[in-house]
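Asker: A structural model of the following input is requested.
(one chain, ligands or ions: 1)
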Amino acid sequence: MTASQLFDNHGRPTNYLRLAVTDRCNLRCFYCMPEEGIKYLPKKDLLSFEEIERLVTLFGQMGITKIRLTGGEPFVRTDLMELIRAIVKIKGINDIHITTNGILTAPHIPELKSLGIASVNLSLDTLDRERFKIITRRDEFEKTRETFQLLLKYEIPVKINTVVMEGKNIGDILEMVKLTKDQNVSVRFIEEMPFNGEGSHYSTLRWTYKKILEHIQQEFPSIKKIQDEKNSTAYHYQVPGHKGNVSIIAAFSRTFCGTCNRIRLTAQGILKTCLYDDGVLNIKDLMRSGVSDLKIKEQLLHAFSHRPKDGFEAEQNRKGHPLLESMSTIGG
Ligand code: SAM
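Answerer: Model (predicted):
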């Protein structure tokens, strides 16, 4: 089987795996987790690094070429660098990306550069220390900022993920756009989704991608649509003359499912073929039952050929479970 042969039942290529290496996090962002945290998995319920390596090797053989390590906070898992060193050697995996809050990341940046990490998505919802404290319920702004500066210094492509939240960081939107003037950074505004471990905060979402764009256009009327990367979930824009760019992710409106090329592995080792499904295959149990690589691949192929057409269908197919997960177990 060659990489180009892995298509789902809707003709979409499936080549991107998002892997949550832990459900633990050192922040308590209010849109992601309740203040008291979530009930973390015991260590034995997380995939071991050996299990992750085995799985990624299989995925690489099946046509997955891009991996994102996420969490929870991936750097909370001790020896994450050991895992990254192993994954960069796996055949077929060409691009490794990381999503992090940046708190424990800075010391590893030189090695991430030398290992050829393709990009880092840094979650940062505000440029103000006090608002950071309110949103994340932790006083760690300076560490995230240091990571941002180092990523720029080491020229690792960096995208800032900013969840747009009514009453919390609307005043930051334009400040974030201004960051793109002199820095080669991509600022991504994300619609808030109901994955906060408690259920939706709102009956309807006010800050949709359309409203976010209109808000930016008021201050930057010359902002232009630019080419989106293939299979991108983000709509890209640039203010003429700015070094960086801006994008908006309609994660709640779900307007991008037609080109979705991604699958997810949760911290519990559950495969999700859509962000909004409630898990389609327990890969951890399957692996621990002692089955062969061939059997695992068969089950994965079955899952890839039964993907819902979009996030609405996936949500409908949930087995009666409301959307109460925390993004910390899903990985974003
Ligand atoms: N801890 C890492 C971090 O902060 O980047 C990785 C995991 S975090 C769950 C991944 C991404 O999901 C972050 O950019 C975060 O902002 C986003 N996220 C979490 N909960 C969300 C929600 N309810 N709606 C939209 N995005 C969310």
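
Asker: element containing Tyr237?
Answerer: Using DSSP states H and E, Tyr237 maps to strand 234-238.

Asker: and if you look at Met176?
Answerer: Here Met176, judged by DSSP H and E, is contained in helix 173-179.

Asker: tilt between the following helix or strand past that helix and strand 234-238?
Answerer: For helix 173-179, the following helix or strand on the C-terminal side (DSSP H and E) is strand 185-191. If you take axes from the mean of the first three to the mean of the last three Cα atoms, to 10 degrees, strand 185-191 sits at 130 degrees to strand 234-238.

Asker: immediately after strand 185-191, which helix or strand?
Answerer: Strand 185-191 is succeeded, C-terminally, by helix 209-219 (DSSP H and E).

Asker: does the ligand have contacts with that next one?
Answerer: No. Residues of helix 209-219 contacting the ligand under Cβ under 6 Å from any ligand atom: none, with a closest distance of 12.2 Å. Any C-beta I mention is one placed from the backbone N, CA and C, and that applies to glycine too.

Asker: pull up the pairing partners for the helix or strand following that helix, direction included.
Answerer: Later in the chain than helix 209-219, the nearest helix or strand by DSSP H and E is strand 224-225. Applying DSSP bridges to the sheet, strand 224-225 is found paired with strand 234-238 (antiparallel).

Asker: the partner strand - what's its average pLDDT?
Answerer: When pLDDT is averaged along strand 234-238, the result is 96.

Asker: can you give me the angle that strand makes with helix 209-219?
Answerer: 10 degrees.

Asker: list of residues touching strand 234-238?
Answerer: Strand 234-238 is touched from outside by 180, 186, 188, 209, 213, 216, 223-229, 244-250, with contacts defined as Cβ atoms under 8 Å, 6 or more residues apart in numbering.

Asker: what does stretch 66-75 rub up against?
Answerer: 15-27, 56, 59, 77, 80, 83-84, 87, 93-101, 103-105, 108, 118, 121, 267, 328-329, 331-332.

Asker: among those residues, which are in reach of the ligand?
Answerer: 25, 99-101, 328, 331-332.

Asker: residues near the residue in the chain that the ligand sits nearest to, how many?
Answerer: Nearest residue of the chain to the ligand: Gly332, at 2.7 Å (Cβ to the nearest ligand atom). For Gly332, the tally of surrounding residues (other Cβ atoms under 10 Å) stands at 21.
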